[in-house]
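Enquirer: I'd like to go over a predicted model; first the sequence, then the structure.
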Amino acid sequence: MEQYKNGLVEFKNVYKSFDDKVILTDVSFRINKGKIIGLLGKNGMGKSTIIKLLNGLLTPTSGEILINDLAPGVESKKIISYLPERSYLDKSMNVNQILTFFSEFYENFNIDKARKLLYDLNLSETDNLNKMSKGMLEKLQLVLVMSREADLYVLDEPLGGVDPATRDYILDTILTNFKDGASILISTHLISDIERILDDVIFIDHGKIILSKSADELRAEYNESIDEIFRRMFKC
């Protein structure tokens, strides 16, 4: 399980359809260890479908997905820490109960790190989830995800529900709290907010990968920021 012969994650010619509607077409890419990758595209272009396939919540219509050289399943869930776009937490619980649940459910959950992050993000263990705002819940979910000692952190729109002033702080939280040598896949359409942390970028449009490259190479090639390149390529 430590060889990563084909990369930490590899999508090979993946198609996904629902009934007669094609969502993904011939999607191929690789995620290597120690990289922060931006999965970038407008809403509804297939980003969340890729993430659900990666997490075993959907199965491909055709093609192959390998995580640590294995198909998505029980073993891959042990090494992937997933932040979904929508909240999945039981709102009848308080923060302390959620921490206890995560520490019992995930062997790689670091409860001491979680408590430090809660403090840093002005959240309390006594907070009841049913009284927390959407932004507070998203911060809590981020704490839970980043407190696992995972090999891959998969973040689906992690900045969507927080104010602009909080975004930089959350990005710094992400950067300083993932396991050394791990990788992060961030799905977002808020490119300017995350550009500074990206090693590689994947552009997706209408279910097709139209560009996959190092962020530095892309900036040098076009003499523009990733956000400017994205805006020009995806201009309506």
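Expert: Everything's here; your move.
Enquirer: who's in contact with the helix or strand hosting Asp227?
Expert: Using DSSP states H and E, Asp227 sits within helix 226-233. Contacts with helix 226-233, where a contact means CB atoms under 8 Å, 6 or more residues apart in numbering, come from 38, 40, 191-192, 195, 198, 201, 203, 205, 210-211, 215, 218-219, 222, 224. For glycine as for every other residue, the C-beta is placed from the backbone atoms N, C-alpha and C.
Enquirer: any idea how far that helix is from the chain center?
Expert: Relative to its chain's centre, helix 226-233 lies at 21 Å (CA atoms, centre = their mean, to the nearest Å).
Enquirer: Flag every buried residue along the helix or strand of the chain with the lowest mean pLDDT.
Expert: Within the chain, no helix or strand scores below helix 164-176, which has a mean of 78 by mean pLDDT, DSSP states H and E. Neighbour-count burial for helix 164-176, counted by 16 or more other CB atoms under 10 Å, picks out 166-167, 170-171, 173-174.
Enquirer: would TSV of those with distance to Phe101 be doable?
Expert: TSV is the format used below for the buried residues of helix 164-176 (distance: CB to CB, whole Å):
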residue	distance to Phe101
Thr166	25
Arg167	28
Ile170	23
Leu171	27
Thr173	21
Ile174	22
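Enquirer: Can you tell me which of those is nearest Val145?
Expert: Nearest to Val145 among the buried residues of helix 164-176 is Ile174, at 9.1 Å by CB to CB.
Enquirer: State the number of residues packed around the residue nearest to the closest one when sequence neighbours are not counted.
Expert: Take Ile174 and drop its neighbours on the chain: the residue closest to it by CB to CB, 6 or more residues apart in numbering is Met146, 6.4 Å away. Look at Met146: counted by other CB atoms under 10 Å, it has 26 neighbours.
Enquirer: Surely Met146 touches Pro158?
Expert: No - in this structure, Met146 is not within contact of Pro158 by CB atoms under 8 Å, at 9.8 Å.
Enquirer: Who is the residue positioned nearest the centre of the chain paired with across the strands?
Expert: Compute the mean C-alpha point of the chain, and by CA atoms, centre = their mean the closest residue is Leu155, 2.0 Å away. Beta-bridge pairing of Leu155 under DSSP bridges involves Leu83, Ile186.
Enquirer: What segments of the protein are helices?
Expert: Along the chain, the segments classed as helices by DSSP state H run 47-54, 74-79, 95-105, 111-120, 134-146, 164-176, 191-194, 215-222, 226-233.
Enquirer: just so I know, which of these lies nearest Ala182?
Expert: Nearest to Ala182, of all the helices of the chain, is helix 74-79, at 8.9 Å by CB to CB.
Enquirer: Can I get the closest one as CSV, trimmed to CA atoms?
Expert: This file holds the C-alpha atoms of helix 74-79, laid out as CSV (Å, rounded to 0.1, in the frame of the first residue of the first chain):
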residue,chain,number,x,y,z
VAL,A,74,-12.9,0.5,2.1
GLU,A,75,-9.1,0.9,1.9
SER,A,76,-9.2,4.1,-0.1
LYS,A,77,-11.6,5.7,2.4
LYS,A,78,-9.0,5.2,5.1
ILE,A,79,-6.5,7.4,3.4
